[in-house]
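In: structure for this input, please:
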Amino acid sequence: MEQIGSVLGRVGKMIPSTSTLPPGTATLKEALRAGVLTDAEPTKCKFCGELLQPVGLLITGLDEPRWLRSDDDYEDCACPDAVKQREDTRKEKEAAQRIERERAYREKVDRMIKNSRLGKRFWSRTFETYRIDNRNKPVYETVKRYAENFAEHKERGEGLYLSGGFGTGKTHLAAAICHEVIKQGYQPIFGTMITLLERIKATYNSGAAEKTEWQIIDYYINCDLLIIDDLGKERPTGWALEKLYGIINARYEDCRPIVITANYGISQIEKRLAGDNAETAGAIVSRLYEMCRGVSLTWGDVRKTSFVREINNEKST
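Out: Numbering: from 1, shown residues only. Alright, predicted model coming up:
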């Protein structure tokens, strides 16, 4: 016995093509009226038995009309059970999509953290893990506001200069900035002046270098945020100072922000960097004055405080 769709298809050919049907979803009846040949047939709702028409994308305006559909494309039934099933399916799909987005986001963040060169010790150094007390709260809030509003500061090329003694939490705050801007989709680079410049030196070994000197320098110049930790901890060579100047000057000219941590205030760092090239050191510091807002961490070494507290706790037990 010939299928209903085949019979209607022959009838459909006898119907003059309207050719005025706009592209869009069409039922079997509309497709046949347009001259489409198909074996598609109506089906019944598995819940209420209502007859449901096949639907598909009707394309006219070609040599012959086309009706694009898969075997399970039918009208939606309006009965309560069918509506509930569609809602349950939608929720399941949204949940799966949310899980996939979260997985993709975690992978992206992990990749950006790796690309930032942030050391493993600092992967957990976020604003959430920073210990806040009455002394450091104003500094914490200042730095956190900077990170949360990074888009505005990036546009203006504004950075921070965090200065304070050993163990005051400068690097933790700098790492927290790194984490926050990554969550916002920006790519920072994090490292000490020595580790940053060591990557440049590694390019001189032509047999093992994966990138050229200029590729590394260009990466430092054009990343969304350059974070230099412990600036001035070691006195730089003339070569190191020239490279540092080139990177900072290029970011200065392009209004790209820098975050600096140092044991020395910005007025002292020039002497620390100077060595045999006071002019270059002066040029670097002059630009940092304009590029960065100074933030002083004036309290003592929190590492020692935590260590003493742990010892006292052990004694009390």
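In: okay, now the unreliable bits of the stretch 151-300 of the chain?
Out: Counting by pLDDT under 70, the ranges of the stretch 151-300 of the chain that qualify are 206-209, 300.
In: should've said the stretch 1-150 of the chain
Out: In the predicted model of the stretch 1-150 of the chain, residues 1-23 satisfy pLDDT under 70.
In: can you pull out the strands in it?
Out: Listed in chain order, the strands of the stretch 1-150 of the chain (DSSP state E, counting those that start in this stretch) span 24-27, 43-44, 51-52, 55-59, 66-68.
In: single out the most deeply packed of the ones you listed.
Out: Across the strands of the stretch 1-150 of the chain, the average number of neighbours (mean count of other C-beta atoms under 10 Å) peaks for strand 55-59, which reaches a mean of 19. C-beta coordinates here come from the backbone N, C-alpha and C atoms, glycine included.
In: how far is it from where the chain is centred?
Out: Relative to the chain's own centre, strand 55-59 is displaced by 39 Å; criterion: C-alpha atoms, centre = their mean, to the nearest Å.
In: which residues sit against it?
Out: 21, 23-28, 30-31, 34, 36, 40, 65-69, 73-75 (C-beta atoms under 8 Å, 6 or more residues apart in numbering).
In: can you do 7 Å?
Out: Contacts to strand 55-59, defined as C-beta atoms under 7 Å, 6 or more residues apart in numbering, come from residues 21, 23-27, 30-31, 34, 65-69, 73-75.
In: now swap in stretch 134-153 and tell me
Out: By C-beta under 7 Å, 6+ apart, the surrounding residues in contact with stretch 134-153 are 127, 130, 132, 160, 169, 173, 176-177, 180-181, 184, 186, 257, 295, 297, 299.
In: TSV for the strands of the stretch 1-150 of the chain, including distance to residue 92?
Out: Putting the strands of the stretch 1-150 of the chain into TSV (distance: least, C-beta to C-beta, whole Å) gives the following:
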stretch	distance to residue 92
strand 24-27	24
strand 43-44	23
strand 51-52	22
strand 55-59	22
strand 66-68	26
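In: what ranges do the helices span in the stretch 51-200 of the chain?
Out: Read by DSSP state H, counting those that start in this stretch, the stretch 51-200 of the chain holds these helices, from start to end of the chain: 80-116, 137-148, 150-156, 170-183, 193-202.
In: want to throw those helices into a markdown table with distance to residue 253 and mean neighbour count?
Out: Listed next are the helices of the stretch 51-200 of the chain as a markdown table, based on distance: least, C-beta to C-beta, whole Å; neighbours: other C-beta atoms under 10 Å:
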| stretch | distance to residue 253 | mean neighbour count |
| --- | --- | --- |
| helix 80-116 | 23 | 12 |
| helix 137-148 | 22 | 17 |
| helix 150-156 | 14 | 14 |
| helix 170-183 | 21 | 23 |
| helix 193-202 | 19 | 17 |
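In: tell me which of the ones you listed lies nearest to residue 266.
Out: helix 170-183 (13.3 Å; C-beta to C-beta).
In: so which elements touch that closest one?
Out: Applying 3 or more C-beta pairs under 7 Å, 6 or more residues apart in numbering; DSSP states H and E, one finds that helix 170-183 makes contact with helix 80-116, helix 137-148, strand 159-164, strand 188-192, strand 225-229, strand 258-262.
In: can we see that at 6 Å?
Out: Taking 3 or more C-beta pairs under 6 Å, 6 or more residues apart in numbering; DSSP states H and E as contact, the helices and strands that helix 170-183 lies on are helix 80-116, helix 137-148, strand 188-192, strand 225-229, strand 258-262.
In: and the contacts of stretch 134-153, which is closest to residue 95?
Out: Taking C-beta to C-beta as the measure, residue 95 sits nearest to residue 184 out of the contacts of stretch 134-153, at 25.5 Å.
In: now the closest one: closest residue in space, sequence neighbours ignored.
Out: Once its chain neighbours are removed from consideration, residue 184 has its nearest residue in residue 150; the separation is 6.1 Å (C-beta to C-beta, 6 or more residues apart in numbering).
In: with residue 182 instead?
Out: For residue 182, the spatially nearest residue (C-beta to C-beta, 6+ apart) is residue 112, at 4.6 Å.
In: thought that neighbour was touching residue 180?
Out: No: between residue 112 and residue 180 there is no contact, the gap being 11.8 Å when judged by C-beta atoms under 6 Å.
In: burial measure for residue 224, as a count.
Out: Around residue 224 there are 17 other residues, counting by other C-beta atoms under 10 Å.
In: and it, how close does it get to residue 154?
Out: With distances taken as C-beta to C-beta, to the nearest Å, residue 224 is found 6 Å from residue 154.
In: ok, now residue 99?
Out: Taking C-beta to C-beta as the criterion, residue 99 is separated from residue 154 by 31 Å.
In: repeat that for residue 268.
Out: Relative to residue 154, residue 268 is positioned 28 Å away (C-beta to C-beta).
In: what would the helices of the stretch 51-200 of the chain look like in JSON lines with distance to residue 237?
Out: Output for the helices of the stretch 51-200 of the chain, formatted as JSON lines (distance: least, C-beta to C-beta, whole Å):
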{"stretch": "helix 80-116", "distance to residue 237": "26"}
{"stretch": "helix 137-148", "distance to residue 237": "31"}
{"stretch": "helix 150-156", "distance to residue 237": "31"}
{"stretch": "helix 170-183", "distance to residue 237": "24"}
{"stretch": "helix 193-202", "distance to residue 237": "9"}
